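J.: here is my input, please return the structure:
(chains A and B, ligands or ions: 2)
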Amino acid sequence: MTSTETTPVCETPVQTGDVLLSIENLHARVEGKEILRGVSLRIRAGEIHALMGRNGSGKSTLSKVIAGHPAYTVTAGAIHYRDQDLLALSPEDRARAGVFLGFQYPVEIPGVSNLEFLRVSCNARRQHRGQEELDTFAFEDHVRDTMAIVQMDPAFLERSVNEGFSGGEKKRNEVLQMALLEPLVAILDETDSGLDIDALRIVANGVKTLALPTTATLLITHYQRLLDAITPDFVHVMAEGRILRTGDKDLAMALEQRGYDWIDGADGADTPQP
Amino acid sequence: MSNASQSRSWLEALLQVLAQRSGQPASQWAAQWAGARDWRWPTRRSEAWRFTDLRCLTQLDPARLHNRTAAPPWPDGLSQGSSRHVALQLDGHGHWRAPQGEPPSWPHGLMPLPTEDVTPGQVAHTVIPSGTLPLGAQLNGVTPGPSLGLQVSGPDPVHLALAIQAEQAQAWLAPRVLLVLQPDARLCLSWHVAATAQAAVLPMVEARLAPGAQLEEAAVAQGCPGATFLGSSFVRQSPRSVYRRANVTWGWGLSRDEPFIRQSQGQAETHLHGLAVARGQSLVDTHSTVYFDGPAGQLRQRHQALADDQGHSVFNGRVVVPRAAQQTDASQLSRNLLLSTKARIDTKPQLEIVADDVQCTHGATVSCLQDDELFYLQSRGIGREQASRLLQRGFCEEILQRLPRAALAWSSLQRLLEIPVPDQP
Ligand SMILES: Nc1ncnc2c1ncn2[C@@H]1O[C@H](COP(=O)(O)OP(=O)(O)OP(=O)(O)O)[C@@H](O)[C@H]1O
Ligand SMILES: [Mg+2]
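T.: Ligands and ions are numbered 1, 2, ... in the order given. So this is what the prediction gives:
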């Protein structure tokens, strides 16, 4: 059996331009500290967004709140994912419904085989979409094909999840998971950090391949290099738990040249997002 | 009636019944076994039994005990003998038989010892001080029945698979195995013990390893609520011998496993890897002791336990390094996963070190499932329940990977590791 597409029964088709993720005035805290202080963001199918900002400005926090990390409490605001109240869903249901987070720091899980992890996870998403689950053999074929996207060595399937993987190998494993889960909204938190030059190109190409007119991508990054490879439609700059500025790829370029002080200096008015 | 006198009368009734079976007067029968007459029934006041309640055992009715067994569900291929492999199962008379029923055909390098050479306790008494036989071995000793005694020779590994299946309530199975490994002999011994009814299994293993001999033992012991496992093993190692033991124990109402190893002149290698899974009301207790009588001995020990529901895991790892045992290199690690607020873990290293030029390390950790690991799995669509199972299995893997493939093939172990289909979204 190959992974020929069966028509998803649970997932209604997406049209380019549909709003997939809509964040309104989101406030969230962790350990009593308010980290997100009014984030608003709207992401449509077919778009690629970049999120930048100083260390500690709240980018990863935003991504974890979207994915449903239990350590973070939303104190105000809302997130809608395709008309659903995303905050009402468990982390696993968000993932099954098509929200994917590529972790800044992927977690090592000793003793759990990467292959089995990927299979169970892939099947959970497939089941949600009304696709037939893949047995061990079918999945192994499927995953080997998919690994080609990030040029990953199948030997990594035999190892424990992320255990002993180098920084770059972990990031490739994240993109592999994205490829297997076929999310509608993919948030990639510094997936470019720690990659060598060749790996960055490979990963960027992989992400580009996976960004479809019917999906949306949010790239959290510190570097122009990634955005040279994947041109974002929007660039947002986060500071102190808010989106301070929104622009296009030129904003990222200007930041690269002038640093974040330049934004702080400019009057902080949010640029309206088209 | 007090607990102690209840236990006392239970023991007397038991000894009566076992003596009757042996065809000898009770007192005489009991006296055959050193120290059996003046047993001190363990109470929870003694340190070694502080956590371990024997009620599961004493709920058996001595008058109704029998030694009937069932056919073990051998995995494909494992029950067939070959020139290097023999499989044996315990029959209803306490004899070891080939699964097809006929007497075993012994592979080259494995030779049964004459019955008169197989006196129970002969190795045990050279491994532990006299008068300190553990309860399991004492009870085993007063149970009539033959011993299996085997001599192993030759450097090509011989495989011996032993299986015990108890399916009827009140089964009382106390097999004895004596293994004599000649210089440089190699034996891979695998055990599969299963009880699916309120029964007691009390195996006793004695092994003597000549210089350069290697014994690899893998034991899978699965019980059920109400079933008791009291295992004891005594291994005496000569220099350059290697003893590796990996065992997995779960499901028993009460399990108490007591391996004793003595490196009689040091300079040997001992590897102990244990996994205990205590769910429900299960109590899984391991008390191990390793003695180093000479220099430059090595121990690698890792005990892992997982306790859920109201399960209770007890580990006591005793390592004895007297002055004669300089340059001993011993490490012991106890890793524990605590999954419910009512579950309990008691773990204690007991290092008795007198020699000064030694390297002995020990460590013990007790942790819960890690939130970040759970979240990572959940963020990939894996339900919390299943994520938790995956992590539990990951925890077990460290020990399981030490088991030979053949041991992993038993369906009981497969069930322990089973992961259900993803939960409904
Ligand atoms: N679990 C937590 N406990 C305590 N503080 C936290 C926690 N998570 C985040 N924070 C704090 O929230 C702030 C924002 O952190 P976050 O990881 O979102 O920043 P970031 O924008 O992703 O930074 P970087 O670019 O360095 O990855 C930081 O000050 C951080 O210390
Ligand atoms: Mg971050």
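J.: dump the host helix or strand of B:Thr270 to PDB, restricted to CA.
T.: Per DSSP states H and E: B:Thr270 is located in strand B:269-278. Only the C-alpha atoms of strand B:269-278 are listed here, as PDB (Å, rounded to 0.1, in the frame of the first residue of the first chain):
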ATOM      1  CA  GLU B 269      32.300  -9.800  36.200                       C
ATOM      2  CA  THR B 270      28.700  -9.600  37.400                       C
ATOM      3  CA  HIS B 271      26.000  -7.800  35.500                       C
ATOM      4  CA  LEU B 272      22.600  -7.500  37.000                       C
ATOM      5  CA  HIS B 273      19.700  -5.800  35.200                       C
ATOM      6  CA  GLY B 274      16.300  -5.900  36.700                       C
ATOM      7  CA  LEU B 275      12.900  -4.400  35.700                       C
ATOM      8  CA  ALA B 276      10.000  -4.500  38.100                       C
ATOM      9  CA  VAL B 277       6.600  -3.300  37.200                       C
ATOM     10  CA  ALA B 278       4.100  -2.800  40.100                       C
END
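J.: any idea how far that strand is from the middle of the chain?
T.: Averaging C-alpha positions (Cα atoms, centre = their mean, to the nearest Å) puts strand B:269-278 9 Å from its chain's average.
J.: give the other helices and strands that that strand contacts.
T.: On a contact count with 3 or more Cβ pairs under 8 Å, 6 or more residues apart in numbering or on different chains; DSSP states H and E, strand B:269-278 meets strand B:242-250, strand B:254-263, strand B:283-292, strand B:298-307, strand B:312-321, helix B:384-400. Just so you know, the C-beta spots here come from the backbone N, C-alpha and C atoms, and that holds for glycine as well.
J.: that one pairs with which strands?
T.: Note on strand B:269-278: by DSSP bridges, its sheet partners are strand B:242-250 (parallel), strand B:298-307 (parallel).
J.: would you reformat the helices and strands packed on strand B:269-278 as TSV and include distance to A:Leu212, mean pLDDT and mean neighbour count?
T.: Converted to TSV, the helices and strands packed on strand B:269-278 look like this (distance: least, Cβ to Cβ, whole Å; pLDDT from 0 to 100; neighbours: other Cβ atoms under 10 Å in any protein chain shown):
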stretch	distance to A:Leu212	mean pLDDT	mean neighbour count
strand B:242-250	47	97	23
strand B:254-263	55	98	26
strand B:283-292	52	98	26
strand B:298-307	43	97	23
strand B:312-321	50	98	23
helix B:384-400	29	92	20
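J.: figure out which of those is closest to A:Gly102.
T.: In terms of Cβ to Cβ, the element of the helices and strands packed on strand B:269-278 nearest to A:Gly102 is helix B:384-400, at 18.3 Å.
J.: return the helix or strand in chain B with minimum mean pLDDT.
T.: helix B:26-32 (a mean of 58; mean pLDDT, DSSP states H and E).
J.: what's across from B:Gln263 in the sheet?
T.: Beta-bridge partners, per DSSP bridges, of B:Gln263: B:Gln237, B:Phe292.
J.: now do it against B:Leu283, distance only.
T.: 30 Å (Cβ to Cβ, to the nearest Å).
J.: same deal with A:Arg129?
T.: 45 Å.
J.: cool, A:Ser57 as well?
T.: A:Ser57 is 52 Å from B:Leu283, by Cβ to Cβ.
J.: ok, B:Gln359 next?
T.: Taken as Cβ to Cβ, the span from B:Gln359 to B:Leu283 is 34 Å.
J.: for B:Gly297, give me its contacts.
T.: B:263, B:266-270, B:325, B:328-330 (Cβ atoms under 8 Å, 6 or more residues apart in numbering or on different chains).
J.: in PyMOL, how would I select the buried members of the residues you listed?
T.: Provided next is the PyMOL selection string for whichever of those are buried by 16 or more other Cβ atoms under 10 Å in any protein chain shown:
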select buried, chain B and resi 263+266+267+268+269+270+325+328+330
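J.: which strands or helices does the helix or strand hosting A:Leu244 pack on?
T.: Assigned by DSSP H and E, A:Leu244 belongs to strand A:242-247. In terms of contacts (3+ Cβ pairs under 8 Å, 6+ apart), strand A:242-247 is packed against strand A:33-44, strand A:234-239.
J.: same thing but at 10 Å, please
T.: Other helices and strands packing on strand A:242-247, by 3 or more Cβ pairs under 10 Å, 6 or more residues apart in numbering or on different chains; DSSP states H and E, are strand A:19-30, strand A:33-44, strand A:48-53, strand A:234-239, helix A:249-258, helix A:261-265.
J.: burial of the residue nearest to B:Ala406 when sequence neighbours are not counted, as a residue count?
T.: Using Cβ to Cβ, 6 or more residues apart in numbering or on different chains and skipping residues adjacent in sequence, the residue nearest B:Ala406 is B:Leu78, 5.5 Å away. B:Leu78 has 20 neighbours, counted by other Cβ atoms under 10 Å in any protein chain shown.
J.: A strand includes B:Leu78, no?
T.: No. B:Leu78 is assigned coil when assessed by DSSP: H, G, I helix; E, B strand; the rest coil, not a strand.
J.: B:Thr69 touches B:Asp91, doesn't it?
T.: Yes. Counting by Cβ atoms under 10 Å, B:Asp91 is a contact partner of B:Thr69 at 6.2 Å.
J.: between the two, which has more neighbouring residues?
T.: Remark: of B:Thr69 and B:Asp91, B:Thr69 carries more neighbours, 24 against 14, as counted by other Cβ under 10 Å.
J.: would you agree that one falls within a helix?
T.: No. B:Thr69 is assigned coil when assessed by three-state DSSP, not a helix.
J.: tell me the confidence at the spatially closest residue to it that is not a sequence neighbour?
T.: Closest residue in space to B:Thr69, ignoring its immediate chain neighbours: B:Leu90 at 5.2 Å, by Cβ to Cβ, 6+ apart. For B:Leu90, the pLDDT comes out at 95.
J.: nothing else from me, thank you.
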